[in-house]
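# Sequence first, then the predicted structure, then my questions.
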Amino acid sequence: MTYTLKINGQTRTVNVPSDTPLLWVLRDHLDLVGTKYGCGMGVCGACTIHINGVPMRSCQMPVGTAVGMQITTIEGLSADGSHPLQKAWVDEDVAQCGYCQSGQIMAAAALLKANPKPSDEDITNAMAGNLCRCATYQRIRQGIHRAAELAAGKAVSS
Amino acid sequence: MSTLLTQPMDRRGFLRISGLAGGGLVLGTCLSFTDEAEAAAPVLKGAGGGATLNAFVRIGSDGVVYIAAHTPECGQGVKTSMPMLVAEELEVDWRQVSVELVPLDAAYGAQFAGGSTTTPRCYTPLRQVGATARHMLIAAAAQRWSVPASECRAENARVLHPGSGRSLGYGELAADAAKLPVPDAKTITLKAPKDFKVIGRRITGVDNPAIVTGQPLFGIDQKLPGMLYAVFEKCPVFGGKVLQANLDTVKSLPGVKDAFVIEGTSNLTGLMPGVAIVADSTWAAFSARRQLKVTWDEGPHANDSWTGFLAKASELGPQPGKQSLRKDGDAPARLAAASRKVEAVYTYPFISHANLEPQNCTAWFKDGVMELWAPSQRPAGGPDLINEVFGLAKDKIKVNITRMGGGFGRRLSSDFMIEAAAIAMRVPAPVKLTWSREDDLRHDHYRPGGVHFLKGAVDESGAIAAWQNHFVTFGNRGRPGSGGSLSADEFPARFLPHYQAEMTVIDTGIPMGPWRAPGSCVFSWVIQSFIDELAAAGGRDPVELRLALLGDKAVVSTPGERPNAYDAGRMRGVVKLVAEKSGWGKPLPKGRGRGIAFHFSHRGYFANVAEVTVSKEGVLKVDRVVVVGDVGSQIINPSGADNQVEGSIMDALSAAYQELDLEKGRIVQSNFHEYPLLRITDAPKVETHFLLTDHQPTGIGEPALPPLTPAVCNAVYAACGKRIRTLPISKNDLRWS
């Protein structure tokens, strides 16, 4: 079936079976491979994207359910890697293997949008759904705090 | 195509540096650089023209300094830290450097990521690589100015002649420098650590900008024109063979291009039998697989179970071990005579590596050449297996190394590479094999479980008088699995006059492989927990008893086949510092406790103190972990090093809650809902300290991990008096009143 999707501000058309999860449409058909496959059942968070600004698991969304929605992937979070979280992630050297980090950043971006100055507890609650096998959790926490400061103009990216 | 790993590796690059082999390293082999006189096409592709000075360094005429990263990157940070060594001696600002991951090529010697060996293997040779290139650039400038090279020096990618005030950039000199003879590395003095400008700085990972913007980096991100997508179904009982499969039905499904049986081999970590489905998308392949029906010959292990293995271990444990590992003095006699003794059985399960990026590999068999794009810790393992199974000459096999979504030892195996190759041989197009999460969990090469039957005695002073261990381990065809073999030298061997260790192997059909700090990751828990039990039995403080056990010994070595020097002084150093940094001895209320443990592995000395809270309801929370490590005189990249320590601590804590069950020869757990990994909610605060000592720098991907689990379990005992002798921790009732 043919689906027209609004992804990262662009209109993209794909022809795929109706049960295809958005994850695989992004990865195989649209070459947006920043969104990762980790578990295929919505428990690891590696495939987190935004649907109308809300973090969702793209491995659990049949492509048709995303029609008409604003889909944002890690590739569209900013035009040039300048989102405060992207800068903070580089500054704080958050990633180890890096595989989960686009999902982590998308989850964190939704948090900061709703709560520009999150507490440690807010971060724990918002990020509990995203696994990091390398367990970079200490740096993820630092990264979110730093991004909040960057966004508030209280810090300068190095 | 936007991948960065598609350059042809038609001819090897070369490194015209002699005298590097050996490198004065303490252990292991060094880069065995080829010493070819003739330059072929360089491996480093670079950009903007310029000149190649050696296999690792290319100076672009644009002034960019291209440095090769030759060791696979799985998150351990070597893609950043190793080029830092080159950049330091080359005298270039890190901001001028562009790092490029190079393919498998003989020019680079050993290219693998395992055993925390990259740093000790490369610390000196890679500095020599940078230093010889710097000398060539200086010589080129001196020639141009007709001045002695000794009057020139290099700084910030320029050669300066202070006497005349002249200077030239590396980009202006590179072409001439490349024509000069390569100096003997032994004649070049490396920089003094006090002059380091790059080494020792916190430098963010070179791939971070690509990671945070979602660029293709990993094996699973590879895409080639006309590429097809494959899945491979293996028997749920390891090694089972295909009797029958509904291939015609599968071939008729939407998007499916082909489906076929791969006969496979009997190598449990090689090409196992199975059914391949090739389709025009990953989802089409995944979907078709749900319709696949296979009748298997499940083989001799179809009734194996974990509970059966445990029953067998209980039966074997009290009997003499099949193999004597070590017998010093007369431990049984001392135990018989002792008034205070402890007997304990320590049990841990099989666990999985659970890399977040499932195993995958892209392969293209074209014109008799097999080209692979592999997220592999040991890329040479693919060609080895392909050659062995299919007889394809190794010079007809090319391997492009991709970034890995986690290693942890899993990707030292090459099963996913030979599976992709076997499928590619039947498909007239490039093909990407992707394992499902379920494949990954159910066809891992697991960390073996184990059961230790321990007896220990303490004397009147509370000192350990005797130690006896019968280790019942698991293996294949009579031999212990990878990481399931206890060294005869393992601590506290060599520190006790009456020490005895024996081992018995229970045969299984389960594939096993190295899991981060193999062996150490579980033996440390057993040994350091039991030391704590003996400290309690003898009324001694856990830190004080450990220091007494280490005694005043210096380096303890063992003659024989497996000499394994143990520097007791370095261990005392980290134990004392971790006690100080953690506030050891400061009183805590009941329900809170501190525990200590130390372990030597992978040339690193580590001691951890964990501080925990156990609620009356038995809920354990690890509040804080203080880590002190001694990995020599220099931390190359403190940011990366701290990351490795923090990751190791949390990895160990995560593993302490993991278990796999085996029923009817099959792994029961299928995905993360049944096999939980640590989440941010349970992540403790980790404080890392490095004790710098006058020793060659060594690796840090593993040695911080082993002491964590015993430190936590010992802290639980201190908090509530419950001794954890079975993993996962969740199997223990920690309620107290």
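Great, that's in hand.
# Contact partners for the nearest residue to residue A:28 once chain neighbours are set aside?
Distances taken as Cβ to Cβ, 6 or more residues apart in numbering or on different chains put residue B:281 closest to residue A:28, at 4.7 Å, once the chain neighbours are dropped. C-beta here means a position set from N, CA and C on the backbone, and glycine is covered the same way. With contact set as Cβ atoms under 8 Å, 6 or more residues apart in numbering or on different chains, residue B:281 has these partners: A:16, A:20, A:24, A:28-29, B:229, B:255.
# let's go with 7 Å and repeat that
For residue B:281, the contact set (Cβ atoms under 7 Å, 6 or more residues apart in numbering or on different chains) comprises A:24, A:28, B:229, B:255.
# Kindly indicate which of these lies nearest residue B:320.
residue B:229 (54.0 Å; Cβ to Cβ).
# Contacts only, for that closest one.
B:279-282, B:285, B:432, B:434.
# Now with 8 Å, please.
When the contact criterion is Cβ under 8 Å, 6+ apart, the partners of residue B:229 are A:28, B:278-282, B:284-285, B:431-432, B:434.
# cool, and residue A:45?
Per Cβ under 8 Å, 6+ apart, neighbours of residue A:45: A:38, A:57, A:100, A:103-104, A:107, A:129-131.
# Out of those residues, list just those in strands.
residue A:57 (DSSP state E).
# can you redo the contacts of residue A:45 as TSV with distance to chain B?
Output for those, formatted as TSV (distance: Cβ to the nearest Cβ, whole Å):
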residue	distance to chain B
A:38	5
A:57	12
A:100	5
A:103	10
A:104	9
A:107	10
A:129	8
A:130	8
A:131	5
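# Paired strands for the helix or strand hosting residue B:627, with orientation please.
Using DSSP states H and E, residue B:627 maps to strand B:620-630. Sheet pairing of strand B:620-630 (DSSP bridges) gives strand B:604-614 (antiparallel), strand B:685-690 (parallel).
# Now do it, average pLDDT.
Averaging pLDDT along strand B:620-630 gives 98.
# buried sites along it?
B:620, B:622, B:624-630 (16 or more other Cβ atoms under 10 Å in any protein chain shown).
# any idea how far residue B:430 is from the residue nearest to residue A:28?
14 Å (Cβ to Cβ, to the nearest Å).
# how much space between the nearest residue to residue B:517 once chain neighbours are set aside and chain A?
Leaving aside its sequence neighbours, residue B:517 sits nearest to residue B:702 (Cβ to Cβ, 6+ apart; 4.0 Å). Applying Cβ to the nearest Cβ, to the nearest Å, the value for residue B:702 to chain A is 13 Å.
# Need the pLDDT of residue B:702.
pLDDT, residue B:702: 97.
# ok now do it, which residues does it touch?
B:115-116, B:516-517, B:520, B:601-602, B:604, B:648.
# Next: residue A:1.
A:15-18, A:64.
# Count residues in the vicinity of the closest residue to residue B:670 other than its chain neighbours, would you?
In space, and not counting its chain neighbours, residue B:670 is closest to residue B:438: 4.8 Å by Cβ to Cβ, 6+ apart. Using other Cβ atoms under 10 Å in any protein chain shown, residue B:438 has 17 other residues around it.
# Let me know the secondary structure of residue B:438.
helix (DSSP: H, G, I helix; E, B strand; the rest coil).
# So the spatially closest residue to residue A:26 that is not a sequence neighbour: helix, strand or coil?
In space, and not counting its chain neighbours, residue A:26 is closest to residue A:32: 4.4 Å by Cβ to Cβ, 6+ apart. Put simply, residue A:32 is coil when judged by three-state DSSP.
# what's residue A:32 in contact with, if anything?
A:7-8, A:26, A:73, A:75, B:214.
# Select from those the one having the most neighbours.
residue A:26 (29 neighbours).
# which residues in chain A form strands?
Counting by DSSP E, the strands of chain A are A:2-7, A:10-15, A:48-51, A:54-57, A:70-72.
# Please export the C-alpha coordinates of the second one as CSV.
As requested, C-alpha coordinates have been extracted for strand A:10-15 and formatted as CSV (Å, rounded to 0.1, in the frame of the first residue of the first chain):
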residue,chain,number,x,y,z
GLN,A,10,9.3,16.7,4.5
THR,A,11,6.7,14.7,2.7
ARG,A,12,7.7,11.2,1.9
THR,A,13,5.8,8.5,0.1
VAL,A,14,6.4,4.7,0.6
ASN,A,15,4.8,1.6,-0.8
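# Number of residues surrounding the residue in chain A that chain B sits nearest to?
For chain A and chain B, the shortest gap (Cβ to the nearest Cβ) falls at residue A:34, measuring 1.7 Å. For residue A:34, the count of nearby residues is 26 (other Cβ under 10 Å).
# Spatially nearest residue to it, not counting backbone neighbours?
residue B:214 (1.7 Å).
# quick one, what contacts the spatially closest residue to residue B:204 that is not a sequence neighbour?
Spatial nearest neighbour of residue B:204, chain neighbours left out: residue A:93 (4.2 Å); criterion: Cβ to Cβ, 6+ apart. Residue A:93 is in contact with A:139, B:202-205, B:208, B:639-640, B:643, counting by Cβ under 8 Å, 6+ apart.
# tell me the centre residue of chain A?
residue A:106 (2.4 Å; Cα atoms, centre = their mean).
# Residue B:647 versus that one, what's the distance?
22 Å.
# care to break chain A down by domain?
A:2-76, A:84-151 (automatic domain parsing).
# which bits of the stretch 201-350 of chain B sit near chain A?
B:202-205, B:207-209, B:211-218, B:220-221, B:223, B:229, B:254-255, B:281-284, B:286-287 (Cβ under 8 Å from any Cβ of the partner chain).
# Buried among these? Make that a PyMOL selection.
The PyMOL selection below is limited to those of those classed as buried (16+ other Cβ under 10 Å):
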select buried, chain B and resi 203+204+205+207+208+211+212+213+214+215+216+217+218+220+221+223+229+255+281+282+283+284+286+287
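# Show me the residues of the stretch 201-350 of chain B next to chain A that map onto helices.
Judged by DSSP state H, the subset of these located in helices is B:208-209, B:211-212, B:282-284, B:286-287.
# The closest residue in space to residue B:691 that isn't next to it in sequence: what's it in contact with?
Excluding the flanking residues, the one nearest residue B:691 by Cβ to Cβ, 6+ apart is residue B:630, at 4.5 Å. By Cβ under 8 Å, 6+ apart, the contact set of residue B:630 is B:570, B:573-574, B:604-606, B:690-693, B:695.
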